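K.L.:
quick one: sequence plus predicted model below, questions after.
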Amino acid sequence: MSALPIDILHEPARAALLLHPTRRRVLELLAPPHEPDSASGVARTLKLPRQKINYHLRELEDAGLVEHVEDRRKGNCVERIVRATATTYLISPEALGALGASSVDAQDRF
């Protein structure tokens, strides 16, 4: 299954995950046109500890923003290869509650 072109986040908790700077950088590396990668590969690219990237990948996967693609054998280890579930993410105004724009506010003013 390929990544969706757009994923609209309606839940505040999913939107909050996306706004974390490290998670955003991880998603950027796993979204097309980039190839799916493992926590180790992402950690090398971002120059961060693999354990930290593993933590963020688990959070993103639990929220449905990242999906497992395959398992790859590398030496004595098996790496989980993941990718972003969408190319682009949008936060719905309803996720922002009273701070979000209503349909009246979003009307074309011209």
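P.N.:
Cool, the structure landed. On a predicted model such as this, the values are computed, not experimentally measured, just so you know.
K.L.:
can you get me a residue count around residue 74?
P.N.:
10 (other C-beta atoms under 10 Å). Every C-beta, even on glycine, is put in place using the N, C-alpha and C of the backbone.
K.L.:
which residues does it bridge with?
P.N.:
Note on residue 74: beta-bridge partners by DSSP bridges are residue 77.
K.L.:
report the buried residues of the longest helix seen in the chain.
P.N.:
Longest helix in the chain by number of residues (criterion: DSSP state H): helix 50-62. Within helix 50-62, the residues scored as buried using 16 or more other C-beta atoms under 10 Å are 53, 54, 56, 57, 60.
K.L.:
with stretch 62-74 instead?
P.N.:
So for stretch 62-74, counting by 16+ other C-beta under 10 Å, buried means 63, 65, 66, 69.
K.L.:
about what we covered before: list the helices and strands the longest helix of the chain packs on?
P.N.:
Other helices and strands packing on helix 50-62, by 3 or more C-beta pairs under 8 Å, 6 or more residues apart in numbering; DSSP states H and E, are helix 21-30, helix 39-46, strand 66-74.
K.L.:
packing partners for the helix or strand hosting residue 15?
P.N.:
For residue 15, the host element (DSSP states H and E) is helix 12-19. Applying 3+ C-beta pairs under 8 Å, 6+ apart, one finds that helix 12-19 contacts helix 21-30, strand 86-91.
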